[in-house]
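> output the structure for:
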Amino acid sequence: MSRAQKAAKKALAEILRDWEEPHGSGSILDQKWLLRLEADEHGHTMIEVRPSRPHCPCCLIDLTDLKIKVEKHRKISSIYIKVADVPDAHRWTDAINT
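Numbers count the residues shown, from 1 in each chain. Next up, the predicted model:
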C-alpha cells in the first residue's frame, strides 16, 4: 500500500467518523450504512453507501455535502460515492457524482 493510499484512507476515515447519518441514526461509518471504502495509490477514493431512507431527498443532499467536504481535503485526490440497495441507485449515484 502506497503512502498516498494510506493517507487518503486515513483522511477519509476521519471525515466519515464525524459524519452523522442525516436522520440521527449514528455515524455513517456504521456497517449498515457504509458498505465499502477504497483508495488507490494516487489518493482517489470510493465509498459505497446504503442510505437509511431510500426515498428521502435529504439523504441525497447529505451525500452530496459529504462529497464536497471530502474533495476539499488535501490528501484525497477525488471521491466517488456509489449508492446501493435503494430503488434507482444508479440515479442517486449519478446525481451525487456529477
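> and Ser77, what does it touch?
Applying C-beta atoms under 8 Å, 6 or more residues apart in numbering, we find Ser77 in contact with Ala4, Ala8, His42, Gly43, His44, Thr45. In short, each C-beta sits where N, CA and C put it, glycine included.
> that one - nearest residue in space that isn't next to it in sequence?
Spatial nearest neighbour of Ser77, chain neighbours left out: Gly43 (3.8 Å); criterion: C-beta to C-beta, 6 or more residues apart in numbering.
> do the same with Trp92
Val83 (3.9 Å).
> state the pLDDT value of that neighbour.
On the pLDDT scale, Val83 is placed at 95.
> counting neighbours, what do you get for it?
25 (other C-beta atoms under 10 Å).
> again with Leu34
18.
> go on, Ser25?
The burial count for Ser25: 13, using other C-beta under 10 Å.
> ok so, going back, Ala89: which of the contacts of Ser77 is nearest?
Thr45 (18.9 Å; C-beta to C-beta).
> identify the bridge partners of the residue nearest to Trp92.
For Val83, the beta-bridge partners are Val49 (DSSP bridges).
> can you pull the contacts of it?
By C-beta under 8 Å, 6+ apart, the residues touching Val83 are Glu48, Val49, Arg50, Pro51, Leu63, Ala89, Trp92, Thr93, Ile96.
> and the two most separated of these?
Farthest pair in the contacts of Val83, by C-beta to C-beta: Arg50 and Ile96, 13.5 Å.
> for the two, work out which one has more neighbours and name it.
Set side by side, Arg50 and Ile96 show more neighbours around Ile96, with 21 against 17, by other C-beta under 10 Å.
> look at that one and give its secondary structure.
At Ile96, secondary structure determined by DSSP: H, G, I helix; E, B strand; the rest coil is helix.
> assess the claim that it and Leu60 are in contact.
Yes - between Ile96 and Leu60 there is a contact under C-beta atoms under 8 Å: 7.0 Å.
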